[in-house]
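Colleague: the sequence isn't on hand, but the structure is:
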């Protein structure tokens, strides 16, 4: 075996590998509010006979998990994912855009990412990557009185597995073989991390919906004689 390759370290620094992906200073952006990531919840029986307006603060909408030259837009997906969950248990859902009120809305759900939301980067591409999503929601009536509020926290220790191995191998080979282009492996690794990040948000949304329906139903609709039920939520409960 060529000594140049046999003596190379098996672990490659995550920041260095991804920085080499774009020496010109460009940034790759991954969106999680696309069809392949947005959950599809079936309409529950006995939905609340109410229309809810979903408001996601601008600070949350602009929140992203980042490493050098790469952004994963996690915050904008709070709106798409929570809207899907709310649509399953309410008569209708409207997303508030640009702060404009929604005519005819009976309630407003304000959902945001909490301060504990973070991406704890592993040192190497093969290391575990830790994603933490803290989701906070309040349900308000038309007078802006809080009817229910809740917080969930979900931590996901994620390993990119084969995508990480491919990136390590092609990055190492590209140092010595000019014809080897690691860009596809870099893209695959980033997309693998996007899946892990989205899975983290999905569990947080699922747990939030379970709490909203379970704890908040009588406050949200005190005149209702029947209520929707949420399935057993994913992940461990806080």
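Modeller: Right, received. Where do you want to start? All of these numbers come straight from a predicted model, not from anything done at the bench.
Colleague: output the lowest mean pLDDT helix or strand found in this structure.
Modeller: Here the helix or strand of the chain ranked lowest by mean pLDDT, DSSP states H and E is helix 3-6, holding a mean of 40.
Colleague: return the list of helices and strands in contact with the longest helix along the chain.
Modeller: What stands out as the longest helix in the chain, according to DSSP state H, is helix 183-220. On a contact count with 3 or more CB pairs under 8 Å, 6 or more residues apart in numbering; DSSP states H and E, helix 183-220 meets helix 14-20, strand 28-31, strand 48-55, strand 70-73, helix 75-89, strand 129-140, strand 146-158, helix 162-176. For the C-beta atoms, the positions are set from N, CA and C on the backbone; glycine is no exception.
Colleague: ok, residue 156 - contacts?
Modeller: Counting by CB atoms under 8 Å, 6 or more residues apart in numbering, residue 156 makes contact with 130, 131, 132, 133, 196, 199, 200, 203.
Colleague: can you rerun that using 10 Å?
Modeller: Applying CB atoms under 10 Å, 6 or more residues apart in numbering to residue 156 gives the contacts 128-133, 196-204, 235.
Colleague: now that we have these, which of them are buried?
Modeller: 129-133, 196-204, 235 (16 or more other CB atoms under 10 Å).
Colleague: would you list the helices and strands packed on helix 183-220 in TSV and tack on mean pLDDT and distance to residue 183?
Modeller: Putting the helices and strands packed on helix 183-220 into TSV (pLDDT from 0 to 100; distance: least, CB to CB, whole Å) gives the following:
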stretch	mean pLDDT	distance to residue 183
helix 14-20	51	10
strand 28-31	95	10
strand 48-55	97	37
strand 70-73	96	13
helix 75-89	97	25
strand 129-140	97	20
strand 146-158	97	22
helix 162-176	68	9
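Colleague: which one of those is the most hemmed in?
Modeller: helix 75-89 (a mean of 22; mean count of other CB atoms under 10 Å).
Colleague: please point out which parts of whichever helix or strand comes after that one sit buried.
Modeller: Where DSSP states H and E defines the elements, the next helix or strand beyond helix 75-89 is strand 90-95. Neighbour counts over strand 90-95 (16+ other CB under 10 Å) mark 90, 92, 93, 94 as buried.
Colleague: now do stretch 221-238
Modeller: 221, 227, 228, 230, 233, 235.
Colleague: least confident pick among those residues?
Modeller: Lowest pLDDT among these: residue 235, with 62.
Colleague: residue 95: what's it in contact with?
Modeller: 53, 54, 55, 56, 79, 80, 82, 83, 86, 102.
Colleague: now residue 27: closest residue in space that isn't a chain neighbour?
Modeller: Distance criterion CB to CB, 6 or more residues apart in numbering; nearest residue to residue 27, sequence neighbours excluded, is residue 69 at 5.5 Å.
Colleague: now the one you found: how far from residue 28?
Modeller: According to CB to CB, to the nearest Å, residue 69 stands 6 Å off from residue 28.
Colleague: what do you get for residue 39?
Modeller: 24 Å.
Colleague: residue 150 too?
Modeller: 34 Å.
Colleague: now residue 96
Modeller: 30 Å.
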